[in-house]
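Novice: Based on what follows, work out the 3D shape:
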Amino acid sequence: MSETKVIDTTDVICDLKAAVKALECRNKMQLLKQKIEQQQQAPVFILIPVEEVVHKDKSPCQFSRKQIIHTDRTLKSTCRKKSKLTDLKFPEMRGGVLYTKCMCLHRNGLQDSCPLTKCQGQPQCLVTPWPICPPAKFIRSRYPGQYPMPIKSDRRKC
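Specialist: Modelled structure (predicted):
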C-alpha cells in the first residue's frame, strides 16, 4: 500500500525560490554570451564595389612606344627612346661591397675580372684597346677629358 508523506510548506517554498533563481541566472548568462559574441564578430562585407579608373591626361608614349606620325617627306616618332647608358646605376653595391668604377677603364690586365653587372669581362673589352662595355661607355661620356674617345679611323670593322 502506499504511504503518504507529509511535506513541510516552508521546504517547498524554499525549493521553488531556488529553482526560480537558477532559471533567472541561466537566462542572464545566455544574454551576456550573446552580447559578447556580437561584439567579437567582425562586420561582413557582402559586396564591395570596384571601379576601374582610366587616366586620360597622360601622354600616349607610356602606352604605345611605336606610335609614328606620317608627315609629307619624313617619318617621325612621337616618343623619344631612352639612352641605354642612363639605365646604368653607379656606384653599385653587391654583398656589402661598393663598386665605383669599371675595371675596363684602367687597362691594367684586370678587364676580365670587372665586378660590375653590365660588364663582367665582356670579350669586346678584352680585344679592343678601349673599353666597349656599357659601364665604361657611361664613364667615358661623363669624363671626356680624362678618358678620351677613340678616333673613328682606329676602330676595326668586323
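Novice: Please report the distance of D8 from S2.
Specialist: Using Cβ to Cβ, to the nearest Å, D8 is found at 20 Å from S2. To be clear about C-beta, it is placed using only N, CA and C from the backbone, and glycine gets the same treatment.
Novice: Who has more neighbours out of the two?
Specialist: Applying other Cβ atoms under 10 Å to D8 and S2 shows that D8 carries more neighbours, namely 8 against 4.
Novice: Show the pLDDT at the more buried one.
Specialist: With respect to pLDDT, D8 scores 79.
Novice: The one 3 residues further on now?
Specialist: Reading off the confidence values, D11 has pLDDT 78.
Novice: for it, helix, strand, or coil?
Specialist: Look at D11: counting by DSSP: H, G, I helix; E, B strand; the rest coil, its state is helix.
Novice: Could you report the neighbour count for it?
Specialist: Neighbours of D11 using other Cβ under 10 Å come to 9.
Novice: who touches I139 in this structure?
Specialist: F90, K101, C102, L105, Y147 (Cβ atoms under 8 Å, 6 or more residues apart in numbering).
Novice: For those residues, which entry has the maximal number of neighbours?
Specialist: Neighbour max across those (other Cβ under 10 Å) = C102, 26 neighbours.
Novice: and the closest residue to it other than its chain neighbours, how many neighbours does it have?
Specialist: Residue nearest to C102 in three dimensions, not counting chain neighbours: P135, with 4.0 Å by Cβ to Cβ, 6 or more residues apart in numbering. Applying other Cβ under 10 Å, we find 27 other residues in the vicinity of P135.
Novice: Let me see the backbone angles for P135.
Specialist: For P135, the backbone dihedrals are phi -60, psi -40 (criterion: degrees, to the nearest 10).
Novice: Over to L116?
Specialist: phi -70, psi 150.
Novice: Likewise for the one 5 residues further on?
Specialist: When quoted as degrees, to the nearest 10, the phi and psi of G121 stand at phi 70, psi 50.
Novice: Measure how buried it is and give me the count.
Specialist: So G121, with other Cβ under 10 Å, has 16 neighbours.
Novice: Likewise for C119?
Specialist: Using other Cβ under 10 Å: C119 sits among 22 other residues.
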